[in-house]
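Trainee: mind looking at a prediction? Sequence and model below.
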Amino acid sequence: MPALPLDEAGKYVAAAYLVFLALVLLYVAIMAARLARVDRDLEELANLAEERADG
Amino acid sequence: MRLLSPRNLAVATVFVLVAGFALVFFYAPNDADQGFMQKIFYLHVPLAVCALVGFMVAAVHAIRFLRSGDPVHDARAYVSIHMSVIFGVAVLITGSIWAKAAWGKWWVWDEPTLVSFLIVFLLYATYYPLRFAIEDRDQQARYASVFAITAGAFVPLNFMAVRMAESLVHPRTFATAEGGMPGKMWLAFLVSLAGMALLWVTLVRFELVAKSSRARISRLRRALDPESSGGRASRIAPSVAGEAGTG
């Protein structure tokens, strides 16, 4: 006989897989924030380069 | 190599992980002893395998750094450890959930498998303070490499010691007197393991590309505006940068 009935085991299995999904999503969110920062920095550098070219 | 570009790796990861989880829930039978709860095994064990192998990969990169002095290998060692520590967090959380379901407790202190993994995890958690306590970048990379090699050698030794120790409650799935898992479970496990390994490789590649981009931006900023501080550069050796994400 299984140690736990399906309905009770199900919540633990769901919790484990949801933790995994949450960690992956958290990582994606962190990477998105980093990408936004890189984008801002690149824009700043592009402006700087244009100023240099004009000046 | 184009085949191993971050985009291709990400697509392969999603495909293999989804296939693996589909096999877990729709193909692999429920375990006769643990029932449906054993499905956590297909998540928890691949995470643990990838984390431990990742620590050993970091040791290999650290050896290559000490032999060549090329900062690219130091960056790879750093990112490998970083990603394996994150996987380690997932191993500890999913393991605790499984323990609660199977044994009624979130943690069992007299179980060698659990405690030994926690020791390895805490050992690698000390990598960050050790590394970033050193200001000189070259010295930082050398000391961190020595740590990565020493700790990396500890991982297989620790694994073997645990396998030889008498388990009190933690299952020994791969080598039991009853013959281990049936074929359908093995297939689901191996596909899940492949998916998790691809996820590890993909995230390492993304981290390296991100660090490389930040370092290139810093170089560009210094070239355009030599009086600036160079912005937020990567905390690992700056010269890493250019090549770290391309190898």
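Mentor: The structure has been received and is ready for your questions. Numbers count the residues shown, from 1 in each chain, chains lettered A, B, ... in the order given.

Trainee: for chain A, give me its nearest residue in chain B.
Mentor: B:Gly35 (2.3 Å; C-beta to the nearest C-beta). For every residue, glycine as well, the C-beta is placed using N, CA and C.

Trainee: phi, psi of that residue?
Mentor: Main-chain dihedrals, B:Gly35, degrees, to the nearest 10: phi 70, psi -150.

Trainee: could you do B:Asp31 as well?
Mentor: Residue torsions, per degrees, to the nearest 10, at B:Asp31 are phi -70, psi 140.

Trainee: cool, and the one 3 residues further on?
Mentor: Geometry field for B:Gln34 lists phi and psi as phi -90, psi -10, criterion degrees, to the nearest 10.

Trainee: one more: B:Trp107?
Mentor: According to degrees, to the nearest 10, B:Trp107 has phi -150, psi 140.

Trainee: I'd say A:Arg34 and B:Ala210 touch.
Mentor: Yes. Applying C-beta atoms under 8 Å, one finds A:Arg34 in contact with B:Ala210, separated by 5.5 Å.

Trainee: follow-up on the earlier one: identify the bridge partners of the residue of chain B closest to chain A.
Mentor: B:Asp31 (DSSP bridges).

Trainee: number of residues surrounding it?
Mentor: Residues lying near B:Gly35 (other C-beta atoms under 10 Å in any protein chain shown) number 19.

Trainee: now B:Tyr143
Mentor: 15.

Trainee: and it, what is it in contact with?
Mentor: B:Leu130, B:Arg131, B:Ile134 (C-beta atoms under 8 Å, 6 or more residues apart in numbering or on different chains).

Trainee: which element is the first one on?
Mentor: When you say that, I think you mean B:Leu130. Assessed by DSSP states H and E, B:Leu130 sits inside helix B:127-132.

Trainee: can you check B:Trp200 too?
Mentor: Counting by DSSP H and E, B:Trp200 is found in helix B:183-224.

Trainee: is that helix in proximity to chain A?
Mentor: Yes. Using C-beta under 8 Å from any C-beta of the partner chain, helix B:183-224 reaches chain A at B:Leu199, B:Leu203, B:Phe206, B:Ala210, B:Ser213, B:Arg214, B:Ile217, B:Leu220, B:Arg221, B:Leu224.

Trainee: among those, which one has the most neighbours?
Mentor: That'd be B:Leu199 among those, by other C-beta under 10 Å, with 25 neighbours.

Trainee: okay, and the nearest residue to that residue once chain neighbours are set aside sits in which element?
Mentor: Closest residue to B:Leu199 apart from its sequence neighbours, by C-beta to C-beta, 6 or more residues apart in numbering or on different chains: B:Thr13 at 5.0 Å. Per DSSP H and E, B:Thr13 falls inside helix B:6-26.

Trainee: same deal with B:Pro29?
Mentor: Going by DSSP H and E, B:Pro29 is not part of any helix or strand.
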